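[1] Everything below, folded, please.
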Amino acid sequence: MVTRRRFVQSVPALGAIGAIVAASGGEEDFSSGKEVRKYWTDMLERVGSPVVEALSRGKLKSRMPVEQKAGSGRTSFTHLEAYGRLMAGIAPWLALEEDESPEARLRKRWVEMSLASCAYAVDPRSPDYMNFSTGRQPLVDAAFLAQALLRAPGALYRSLDRKTEGNLLAALRSAAAIEPYENNWLLFSALIESFFLSVGERHDQKKIDRAVGSMQKWYKGDGVYGDGPDFHWDYYNSYVIHPMLLDVLGVLAGAGADVGELRAACLVRAKRYALIQERLIAPDGSYPLTGRSLAYRCGAFQLLAQLALSHALPDPLTPAQVRSALSAVIRRTLGAQGTFDNEGWLRIGVCGHQPGIGEEYISTGSLYLCAAVLLPLGLPVGDPFWSSPFTPWTSMKGWRGDDLPADHAL
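    Okay, here's the model as predicted:
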(Lines give C-alpha, C1' and ligand atoms only; values in the text may rest on other atoms or scores of the structure.)
Protein backbone atom coordinates (compact mmCIF):
# COMPACT_ATOMS: atom_id res chain seq x y z
CA MET A 1 0.00 0.00 0.00
CA VAL A 2 2.82 2.41 0.84
CA THR A 3 4.54 1.88 -2.50
CA ARG A 4 1.31 2.51 -4.35
CA ARG A 5 0.72 5.79 -2.52
CA ARG A 6 4.23 6.99 -3.22
CA PHE A 7 3.81 6.35 -6.93
CA VAL A 8 0.54 8.22 -7.25
CA GLN A 9 1.65 11.12 -5.09
CA SER A 10 4.81 11.43 -7.17
CA VAL A 11 2.91 11.93 -10.41
CA PRO A 12 2.70 15.75 -10.21
CA ALA A 13 6.44 15.90 -9.51
CA LEU A 14 7.09 13.90 -12.65
CA GLY A 15 5.44 16.69 -14.60
CA ALA A 16 3.42 13.91 -16.22
CA ILE A 17 0.64 15.79 -17.76
CA GLY A 18 1.72 18.87 -15.82
CA ALA A 19 4.52 19.44 -18.32
CA ILE A 20 1.84 19.58 -20.98
CA VAL A 21 -0.01 22.15 -18.94
CA ALA A 22 2.96 24.48 -18.67
CA ALA A 23 4.06 24.17 -22.25
CA SER A 24 0.59 23.87 -23.81
CA GLY A 25 1.88 21.22 -26.09
CA GLY A 26 4.51 18.87 -24.69
CA GLU A 27 4.19 15.10 -24.51
CA GLU A 28 3.13 12.79 -21.73
CA ASP A 29 6.23 12.26 -19.65
CA PHE A 30 5.80 8.50 -19.92
CA SER A 31 8.03 6.98 -22.57
CA SER A 32 5.46 4.47 -23.75
CA GLY A 33 1.81 3.53 -23.66
CA LYS A 34 2.84 0.76 -21.28
CA GLU A 35 3.87 3.37 -18.73
CA VAL A 36 0.64 5.31 -19.24
CA ARG A 37 -1.32 2.12 -18.59
CA LYS A 38 0.69 1.49 -15.43
CA TYR A 39 -0.26 4.98 -14.27
CA TRP A 40 -3.93 4.13 -14.82
CA THR A 41 -3.70 0.74 -13.07
CA ASP A 42 -1.82 2.29 -10.16
CA MET A 43 -4.59 4.87 -9.90
CA LEU A 44 -7.17 2.08 -9.98
CA GLU A 45 -5.39 0.51 -7.03
CA ARG A 46 -5.08 3.83 -5.26
CA VAL A 47 -8.79 4.54 -5.57
CA GLY A 48 -10.20 1.04 -5.19
CA SER A 49 -7.97 -0.81 -2.73
CA PRO A 50 -9.41 0.63 0.49
CA VAL A 51 -12.92 -0.38 -0.59
CA VAL A 52 -12.24 -3.83 -1.98
CA GLU A 53 -9.63 -4.91 0.55
CA ALA A 54 -11.96 -4.02 3.42
CA LEU A 55 -15.14 -5.41 1.88
CA SER A 56 -13.51 -8.69 0.86
CA ARG A 57 -12.86 -9.24 4.59
CA GLY A 58 -16.25 -8.07 5.78
CA LYS A 59 -14.81 -4.91 7.29
CA LEU A 60 -15.99 -2.10 5.02
CA LYS A 61 -18.56 -0.69 7.43
CA SER A 62 -16.10 -0.74 10.30
CA ARG A 63 -13.27 0.87 8.33
CA MET A 64 -14.74 3.33 5.84
CA PRO A 65 -15.14 6.89 7.10
CA VAL A 66 -18.35 8.67 6.13
CA GLU A 67 -17.81 12.28 5.12
CA GLN A 68 -21.12 14.07 4.51
CA LYS A 69 -22.93 17.31 5.23
CA ALA A 70 -24.09 17.57 8.81
CA GLY A 71 -27.52 16.08 9.23
CA SER A 72 -27.75 14.59 5.74
CA GLY A 73 -28.10 11.03 7.06
CA ARG A 74 -26.34 9.15 4.24
CA THR A 75 -24.61 6.48 6.32
CA SER A 76 -27.12 3.76 5.45
CA PHE A 77 -26.52 4.29 1.71
CA THR A 78 -22.83 5.09 1.43
CA HIS A 79 -21.39 1.55 1.45
CA LEU A 80 -23.44 0.31 -1.48
CA GLU A 81 -22.55 3.53 -3.28
CA ALA A 82 -18.83 2.85 -2.90
CA TYR A 83 -19.13 -0.79 -3.91
CA GLY A 84 -21.50 -0.48 -6.87
CA ARG A 85 -19.86 2.57 -8.41
CA LEU A 86 -16.32 1.25 -8.07
CA MET A 87 -17.28 -2.07 -9.63
CA ALA A 88 -19.04 -0.36 -12.55
CA GLY A 89 -15.80 1.42 -13.41
CA ILE A 90 -13.31 -1.42 -13.04
CA ALA A 91 -15.46 -4.28 -14.37
CA PRO A 92 -14.07 -4.26 -17.95
CA TRP A 93 -10.55 -4.52 -16.56
CA LEU A 94 -11.57 -7.48 -14.40
CA ALA A 95 -13.03 -9.14 -17.51
CA LEU A 96 -9.79 -9.16 -19.52
CA GLU A 97 -8.37 -12.53 -20.52
CA GLU A 98 -5.58 -13.85 -18.36
CA ASP A 99 -1.94 -14.01 -19.42
CA GLU A 100 1.40 -14.28 -17.63
CA SER A 101 1.97 -10.54 -17.14
CA PRO A 102 2.36 -8.89 -13.72
CA GLU A 103 -0.82 -6.93 -14.43
CA ALA A 104 -2.75 -10.16 -15.04
CA ARG A 105 -1.54 -11.56 -11.73
CA LEU A 106 -2.71 -8.37 -10.03
CA ARG A 107 -6.02 -8.59 -11.84
CA LYS A 108 -6.54 -12.19 -10.73
CA ARG A 109 -6.20 -11.08 -7.13
CA TRP A 110 -8.70 -8.29 -7.74
CA VAL A 111 -11.22 -10.71 -9.24
CA GLU A 112 -10.90 -12.91 -6.18
CA MET A 113 -11.38 -9.94 -3.85
CA SER A 114 -14.33 -8.71 -5.91
CA LEU A 115 -16.09 -12.08 -5.65
CA ALA A 116 -15.47 -12.18 -1.90
CA SER A 117 -16.74 -8.61 -1.65
CA CYS A 118 -19.97 -9.56 -3.37
CA ALA A 119 -20.50 -12.41 -0.93
CA TYR A 120 -20.22 -10.08 2.06
CA ALA A 121 -22.31 -7.32 0.44
CA VAL A 122 -25.38 -9.46 -0.27
CA ASP A 123 -25.40 -11.95 2.62
CA PRO A 124 -28.03 -10.91 5.21
CA ARG A 125 -25.86 -12.45 7.95
CA SER A 126 -22.75 -10.50 6.97
CA PRO A 127 -21.44 -7.51 8.96
CA ASP A 128 -21.17 -5.75 5.60
CA TYR A 129 -24.65 -6.63 4.34
CA MET A 130 -25.73 -3.60 2.37
CA ASN A 131 -28.95 -1.67 2.20
CA PHE A 132 -30.72 -2.64 -1.01
CA SER A 133 -34.26 -1.76 0.04
CA THR A 134 -34.69 1.06 2.57
CA GLY A 135 -35.15 4.54 1.13
CA ARG A 136 -34.85 5.33 -2.57
CA GLN A 137 -31.08 5.65 -2.94
CA PRO A 138 -30.41 1.87 -3.11
CA LEU A 139 -32.08 1.79 -6.53
CA VAL A 140 -29.27 3.98 -7.88
CA ASP A 141 -26.36 1.93 -6.65
CA ALA A 142 -27.92 -1.45 -7.23
CA ALA A 143 -28.12 -0.26 -10.84
CA PHE A 144 -24.43 0.60 -10.90
CA LEU A 145 -23.71 -2.85 -9.51
CA ALA A 146 -25.92 -4.41 -12.19
CA GLN A 147 -24.03 -2.36 -14.78
CA ALA A 148 -20.79 -3.85 -13.48
CA LEU A 149 -22.26 -7.34 -13.87
CA LEU A 150 -23.24 -6.55 -17.46
CA ARG A 151 -19.73 -5.28 -18.17
CA ALA A 152 -18.01 -8.36 -16.72
CA PRO A 153 -20.54 -11.21 -16.61
CA GLY A 154 -17.94 -13.96 -16.58
CA ALA A 155 -15.69 -12.48 -13.93
CA LEU A 156 -18.33 -11.00 -11.63
CA TYR A 157 -21.50 -13.06 -12.07
CA ARG A 158 -20.95 -16.49 -13.56
CA SER A 159 -18.01 -17.05 -11.18
CA LEU A 160 -20.17 -16.65 -8.07
CA ASP A 161 -21.02 -19.64 -5.91
CA ARG A 162 -24.71 -20.57 -5.93
CA LYS A 163 -25.44 -19.15 -2.48
CA THR A 164 -23.97 -15.76 -3.35
CA GLU A 165 -25.73 -15.75 -6.71
CA GLY A 166 -29.06 -16.32 -4.99
CA ASN A 167 -28.35 -13.61 -2.41
CA LEU A 168 -27.30 -11.20 -5.17
CA LEU A 169 -30.46 -11.76 -7.20
CA ALA A 170 -32.58 -11.29 -4.09
CA ALA A 171 -30.78 -8.06 -3.24
CA LEU A 172 -31.23 -6.69 -6.75
CA ARG A 173 -34.91 -7.63 -6.73
CA SER A 174 -35.45 -5.73 -3.49
CA ALA A 175 -33.84 -2.65 -5.05
CA ALA A 176 -35.83 -3.09 -8.26
CA ALA A 177 -39.04 -2.68 -6.27
CA ILE A 178 -38.13 0.94 -5.43
CA GLU A 179 -40.10 3.51 -7.43
CA PRO A 180 -37.81 5.82 -9.43
CA TYR A 181 -38.17 9.55 -9.83
CA GLU A 182 -39.35 10.82 -13.21
CA ASN A 183 -35.87 11.68 -14.51
CA ASN A 184 -32.60 9.82 -15.11
CA TRP A 185 -33.64 7.46 -12.30
CA LEU A 186 -35.88 5.62 -14.75
CA LEU A 187 -32.67 4.24 -16.26
CA PHE A 188 -31.66 2.73 -12.92
CA SER A 189 -34.80 0.63 -12.92
CA ALA A 190 -34.30 -0.25 -16.59
CA LEU A 191 -30.68 -1.25 -16.04
CA ILE A 192 -31.51 -3.68 -13.25
CA GLU A 193 -34.31 -5.23 -15.31
CA SER A 194 -31.95 -5.45 -18.28
CA PHE A 195 -29.48 -7.37 -16.16
CA PHE A 196 -32.22 -9.83 -15.21
CA LEU A 197 -33.06 -10.20 -18.90
CA SER A 198 -29.40 -10.78 -19.79
CA VAL A 199 -29.08 -13.73 -17.40
CA GLY A 200 -32.43 -15.30 -18.19
CA GLU A 201 -34.19 -14.20 -15.01
CA ARG A 202 -37.72 -12.87 -14.80
CA HIS A 203 -37.75 -9.19 -15.71
CA ASP A 204 -40.20 -6.30 -16.02
CA GLN A 205 -40.19 -5.18 -19.65
CA LYS A 206 -42.50 -2.26 -18.86
CA LYS A 207 -39.81 -0.62 -16.75
CA ILE A 208 -37.33 -0.92 -19.60
CA ASP A 209 -39.80 0.43 -22.14
CA ARG A 210 -40.76 3.31 -19.85
CA ALA A 211 -37.14 4.45 -19.48
CA VAL A 212 -36.23 4.10 -23.14
CA GLY A 213 -39.40 5.85 -24.28
CA SER A 214 -39.04 8.67 -21.78
CA MET A 215 -35.48 9.38 -22.83
CA GLN A 216 -36.59 9.75 -26.44
CA LYS A 217 -39.19 12.32 -25.35
CA TRP A 218 -36.60 14.19 -23.32
CA TYR A 219 -33.98 14.45 -26.06
CA LYS A 220 -33.09 18.14 -26.47
CA GLY A 221 -30.84 17.99 -29.53
CA ASP A 222 -27.11 18.09 -30.33
CA GLY A 223 -26.40 14.95 -28.31
CA VAL A 224 -28.02 16.12 -25.08
CA TYR A 225 -30.94 14.62 -23.14
CA GLY A 226 -32.96 16.39 -20.50
CA ASP A 227 -32.84 14.97 -17.00
CA GLY A 228 -36.57 14.56 -17.04
CA PRO A 229 -38.49 17.11 -19.11
CA ASP A 230 -36.07 19.92 -18.19
CA PHE A 231 -32.55 20.61 -19.39
CA HIS A 232 -29.81 20.62 -16.73
CA TRP A 233 -26.34 21.97 -17.52
CA ASP A 234 -24.42 19.31 -15.65
CA TYR A 235 -22.66 16.03 -16.44
CA TYR A 236 -25.56 13.61 -15.95
CA ASN A 237 -25.60 12.83 -19.66
CA SER A 238 -22.26 11.14 -18.94
CA TYR A 239 -22.67 10.03 -15.32
CA VAL A 240 -25.84 8.11 -16.15
CA ILE A 241 -27.93 8.84 -19.23
CA HIS A 242 -25.90 7.95 -22.32
CA PRO A 243 -23.93 5.05 -20.73
CA MET A 244 -26.95 3.34 -19.20
CA LEU A 245 -29.20 3.94 -22.20
CA LEU A 246 -26.60 2.39 -24.51
CA ASP A 247 -26.17 -0.57 -22.15
CA VAL A 248 -29.93 -1.15 -21.91
CA LEU A 249 -30.32 -1.02 -25.69
CA GLY A 250 -27.39 -3.38 -26.06
CA VAL A 251 -29.09 -5.95 -23.85
CA LEU A 252 -32.34 -5.56 -25.78
CA ALA A 253 -30.53 -6.06 -29.07
CA GLY A 254 -28.81 -9.15 -27.71
CA ALA A 255 -32.18 -10.53 -26.69
CA GLY A 256 -33.51 -10.13 -30.23
CA ALA A 257 -35.60 -6.98 -29.75
CA ASP A 258 -36.17 -4.78 -32.80
CA VAL A 259 -34.16 -1.80 -31.57
CA GLY A 260 -31.58 -1.52 -34.34
CA GLU A 261 -32.62 1.88 -35.66
CA LEU A 262 -33.17 3.35 -32.22
CA ARG A 263 -29.86 2.01 -30.97
CA ALA A 264 -28.07 3.50 -33.98
CA ALA A 265 -29.73 6.89 -33.40
CA CYS A 266 -28.80 6.86 -29.71
CA LEU A 267 -25.21 5.99 -30.58
CA VAL A 268 -25.03 8.95 -32.98
CA ARG A 269 -26.22 11.19 -30.16
CA ALA A 270 -23.74 9.65 -27.74
CA LYS A 271 -20.89 10.22 -30.17
CA ARG A 272 -21.81 13.88 -30.49
CA TYR A 273 -21.88 14.28 -26.72
CA ALA A 274 -18.51 12.51 -26.43
CA LEU A 275 -17.07 14.82 -29.07
CA ILE A 276 -18.22 17.80 -26.99
CA GLN A 277 -16.76 16.21 -23.86
CA GLU A 278 -13.34 15.91 -25.47
CA ARG A 279 -13.48 19.59 -26.42
CA LEU A 280 -14.33 20.53 -22.83
CA ILE A 281 -10.98 19.18 -21.58
CA ALA A 282 -8.61 22.13 -21.28
CA PRO A 283 -4.86 21.85 -22.01
CA ASP A 284 -4.20 21.39 -18.27
CA GLY A 285 -6.79 18.63 -17.84
CA SER A 286 -9.35 20.89 -16.17
CA TYR A 287 -12.94 21.24 -17.39
CA PRO A 288 -15.93 23.51 -16.63
CA LEU A 289 -17.10 23.18 -13.03
CA THR A 290 -20.78 23.47 -13.73
CA GLY A 291 -23.81 21.66 -12.38
CA ARG A 292 -24.38 19.24 -9.55
CA SER A 293 -22.37 16.21 -8.42
CA LEU A 294 -18.96 17.64 -9.25
CA ALA A 295 -17.57 15.49 -6.45
CA TYR A 296 -17.74 12.55 -8.85
CA ARG A 297 -14.57 14.07 -10.32
CA CYS A 298 -13.33 12.39 -13.50
CA GLY A 299 -16.42 10.18 -13.56
CA ALA A 300 -17.85 13.11 -15.52
CA PHE A 301 -16.11 11.59 -18.56
CA GLN A 302 -17.62 8.13 -18.32
CA LEU A 303 -19.22 8.36 -21.76
CA LEU A 304 -16.00 9.34 -23.51
CA ALA A 305 -14.26 6.46 -21.72
CA GLN A 306 -17.06 4.02 -22.61
CA LEU A 307 -16.95 4.87 -26.31
CA ALA A 308 -13.19 4.40 -26.26
CA LEU A 309 -13.71 0.99 -24.64
CA SER A 310 -16.23 -0.05 -27.28
CA HIS A 311 -14.18 1.28 -30.23
CA ALA A 312 -16.99 3.71 -31.02
CA LEU A 313 -15.22 7.06 -30.78
CA PRO A 314 -16.56 9.70 -33.17
CA ASP A 315 -14.46 11.11 -35.97
CA PRO A 316 -12.03 12.82 -35.83
CA LEU A 317 -11.10 11.62 -32.32
CA THR A 318 -8.36 9.00 -32.15
CA PRO A 319 -7.87 6.53 -29.29
CA ALA A 320 -4.49 8.03 -28.36
CA GLN A 321 -5.96 11.52 -28.34
CA VAL A 322 -8.66 10.44 -25.92
CA ARG A 323 -6.18 8.51 -23.76
CA SER A 324 -3.97 11.58 -23.53
CA ALA A 325 -6.91 13.83 -22.64
CA LEU A 326 -8.33 11.45 -20.04
CA SER A 327 -4.90 10.97 -18.51
CA ALA A 328 -4.75 14.73 -18.00
CA VAL A 329 -8.20 14.71 -16.39
CA ILE A 330 -7.27 11.81 -14.10
CA ARG A 331 -4.14 13.57 -12.96
CA ARG A 332 -5.98 16.85 -12.45
CA THR A 333 -8.80 15.37 -10.38
CA LEU A 334 -7.23 12.40 -8.59
CA GLY A 335 -3.61 13.56 -8.39
CA ALA A 336 -4.37 16.76 -6.51
CA GLN A 337 -3.08 17.07 -2.95
CA GLY A 338 -5.81 16.36 -0.42
CA THR A 339 -7.84 14.03 -2.65
CA PHE A 340 -7.30 11.08 -0.27
CA ASP A 341 -7.24 10.99 3.51
CA ASN A 342 -4.36 9.46 5.46
CA GLU A 343 -5.87 5.97 5.10
CA GLY A 344 -6.39 6.25 1.35
CA TRP A 345 -10.14 6.98 1.28
CA LEU A 346 -11.51 9.53 -1.16
CA ARG A 347 -12.56 12.91 0.21
CA ILE A 348 -15.21 15.25 -1.15
CA GLY A 349 -13.90 17.58 -3.84
CA VAL A 350 -13.06 17.80 -7.52
CA CYS A 351 -9.46 19.01 -7.17
CA GLY A 352 -8.26 18.17 -3.68
CA HIS A 353 -10.48 18.40 -0.62
CA GLN A 354 -13.41 20.79 -1.23
CA PRO A 355 -16.25 19.77 1.09
CA GLY A 356 -18.34 22.78 0.06
CA ILE A 357 -19.15 21.27 -3.34
CA GLY A 358 -20.75 18.21 -1.76
CA GLU A 359 -24.52 18.33 -1.95
CA GLU A 360 -26.67 16.80 0.79
CA TYR A 361 -26.84 13.51 -1.14
CA ILE A 362 -23.04 13.24 -1.36
CA SER A 363 -21.03 11.08 1.04
CA THR A 364 -17.78 9.16 0.89
CA GLY A 365 -19.29 6.25 -1.03
CA SER A 366 -20.73 8.56 -3.70
CA LEU A 367 -17.25 9.66 -4.71
CA TYR A 368 -16.27 6.30 -6.19
CA LEU A 369 -18.12 7.06 -9.42
CA CYS A 370 -14.77 8.59 -10.41
CA ALA A 371 -13.73 5.02 -11.30
CA ALA A 372 -15.92 5.21 -14.40
CA VAL A 373 -13.14 7.04 -16.21
CA LEU A 374 -11.05 3.85 -15.99
CA LEU A 375 -13.27 1.86 -18.35
CA PRO A 376 -10.62 1.77 -21.13
CA LEU A 377 -8.46 -0.42 -18.91
CA GLY A 378 -10.71 -3.14 -20.29
CA LEU A 379 -8.84 -2.77 -23.59
CA PRO A 380 -5.81 -5.09 -23.93
CA VAL A 381 -2.30 -3.71 -23.79
CA GLY A 382 -1.85 -3.99 -27.57
CA ASP A 383 -4.95 -1.94 -28.40
CA PRO A 384 -4.21 1.38 -30.18
CA PHE A 385 -5.66 3.18 -27.16
CA TRP A 386 -2.53 2.12 -25.28
CA SER A 387 0.03 1.40 -28.00
CA SER A 388 -0.23 4.62 -30.03
CA PRO A 389 1.99 7.58 -29.14
CA PHE A 390 0.85 10.65 -27.27
CA THR A 391 -1.57 12.79 -29.27
CA PRO A 392 -2.66 16.30 -28.23
CA TRP A 393 -6.38 16.79 -27.73
CA THR A 394 -8.53 19.47 -29.32
CA SER A 395 -8.16 22.31 -26.83
CA MET A 396 -4.43 21.74 -26.57
CA LYS A 397 -4.06 21.93 -30.34
CA GLY A 398 -6.32 24.94 -30.63
CA TRP A 399 -4.74 27.00 -27.87
CA ARG A 400 -1.23 26.43 -29.15
CA GLY A 401 -2.26 27.68 -32.57
CA ASP A 402 -2.78 24.50 -34.57
CA ASP A 403 -5.40 24.56 -37.31
CA LEU A 404 -8.65 22.83 -36.39
CA PRO A 405 -11.70 21.62 -38.33
CA ALA A 406 -14.88 23.60 -37.72
CA ASP A 407 -17.28 22.18 -35.14
CA HIS A 408 -20.94 21.73 -36.08
CA ALA A 409 -24.05 20.74 -34.18
CA LEU A 410 -25.58 17.35 -34.84
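
[2] which ones are touching the residue lying closest to E103 once chain neighbours are set aside?
    When the adjacent residues along the chain are set aside, E103 lies closest to T41, with 6.2 Å between them (C-beta to C-beta, 6 or more residues apart in numbering). Where C-beta positions appear, they are placed from N, C-alpha and C, glycine not excepted. Neighbouring residues of T41 by C-beta atoms under 8 Å, 6 or more residues apart in numbering: 93, 103, 106, 377.

[3] Can you check the pLDDT for T41?
    At T41, the pLDDT value in this model is 97.

[4] Of all the residues in stretch 94-113, which ones are buried?
    Buried residues in stretch 94-113, counted by 16 or more other C-beta atoms under 10 Å: 94-96, 103, 107, 110-111, 113.

[5] List just the nearest of the contacts of T41 to D230.
    L377 (34.9 Å; C-beta to C-beta).

[6] Regarding the protein, what is its longest helix?
    helix 33-55 (DSSP state H).

[7] Give the buried residues for whichever helix or strand comes after that helix.
    Using DSSP states H and E, the helix or strand that follows helix 33-55 towards the C-terminus is helix 60-63. Going by neighbour count (16+ other C-beta under 10 Å), the buried part of helix 60-63 is 60-61.

[8] Same question for stretch 217-231.
    Those would be 218, 223-228, for stretch 217-231 by 16+ other C-beta under 10 Å.

[9] For G356, state which of these is nearest.
    Among the buried residues of stretch 217-231, and counting by C-beta to C-beta, the member closest to G356 is D227, at 22.8 Å.

[10] show me the residues around that closest one that make contact.
    Neighbouring residues of D227 by C-beta under 8 Å, 6+ apart: 183-184, 218, 234, 236, 241.

[11] Quick check: the gap between the residue nearest to E103 and A104.
    11 Å (C-beta to C-beta, to the nearest Å).

[12] next one: V199
    Distance from V199 to A104, by C-beta to C-beta: 26 Å.

[13] Same check on E67?
    35 Å.

[14] Please point out which parts of stretch 378-387 sit buried.
    Using 16+ other C-beta under 10 Å as the test for burial, stretch 378-387 gives 378-379, 383, 385-387.

[15] These in helices, which ones?
    385-387.

[16] avg pLDDT for the helix or strand hosting R272?
    Here R272 is covered by helix 260-280, with elements defined by DSSP H and E. Mean pLDDT, computed over helix 260-280, is 98.

[17] which of the residues in that helix are buried?
    For helix 260-280, by 16+ other C-beta under 10 Å, it's 262-263, 266-267, 269-280.

[18] gap between it and the chain center?
    Centroid separation between helix 260-280 and its chain, computed with C-alpha atoms, centre = their mean, to the nearest Å, is 17 Å.

[19] So which elements touch that helix?
    If you count contacts as 3 or more C-beta pairs under 8 Å, 6 or more residues apart in numbering; DSSP states H and E, helix 260-280 packs onto helix 242-254, helix 302-309, helix 319-334, helix 394-399.

[20] any chance of those in JSON lines, plus distance to R173, mean pLDDT and mean neighbour count?
    Shown next, in JSON lines, are those (distance: least, C-beta to C-beta, whole Å; pLDDT from 0 to 100; neighbours: other C-beta atoms under 10 Å):
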{"stretch": "helix 242-254", "distance to R173": "17", "mean pLDDT": "98", "mean neighbour count": "22"}
{"stretch": "helix 302-309", "distance to R173": "26", "mean pLDDT": "98", "mean neighbour count": "26"}
{"stretch": "helix 319-334", "distance to R173": "35", "mean pLDDT": "97", "mean neighbour count": "24"}
{"stretch": "helix 394-399", "distance to R173": "45", "mean pLDDT": "97", "mean neighbour count": "18"}
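
[21] Out of the ones you listed, which is closest to G285?
    Closest approach to G285 among these (C-beta to C-beta): helix 319-334, 3.1 Å.

[22] okay, the angle between the closest one and helix 33-55?
    Per axes from the mean of the first three to the mean of the last three C-alpha atoms, to 10 degrees, the angle that helix 319-334 makes with helix 33-55 is 40 degrees.

[23] quick check: angle from helix 319-334 to helix 302-309?
    Using the same axes, to 10 degrees: helix 319-334 against helix 302-309 is 140 degrees.

[24] If you count contacts, what does helix 319-334 end up packed against?
    Contacts defined by 3+ C-beta pairs under 8 Å, 6+ apart place helix 319-334 against helix 2-14, helix 18-23, helix 33-55, helix 260-280, helix 302-309, helix 384-387.

[25] now with 10 Å?
    Applying 3 or more C-beta pairs under 10 Å, 6 or more residues apart in numbering; DSSP states H and E, one finds that helix 319-334 makes contact with helix 2-14, helix 18-23, helix 33-55, helix 260-280, helix 302-309, helix 384-387, helix 394-399.
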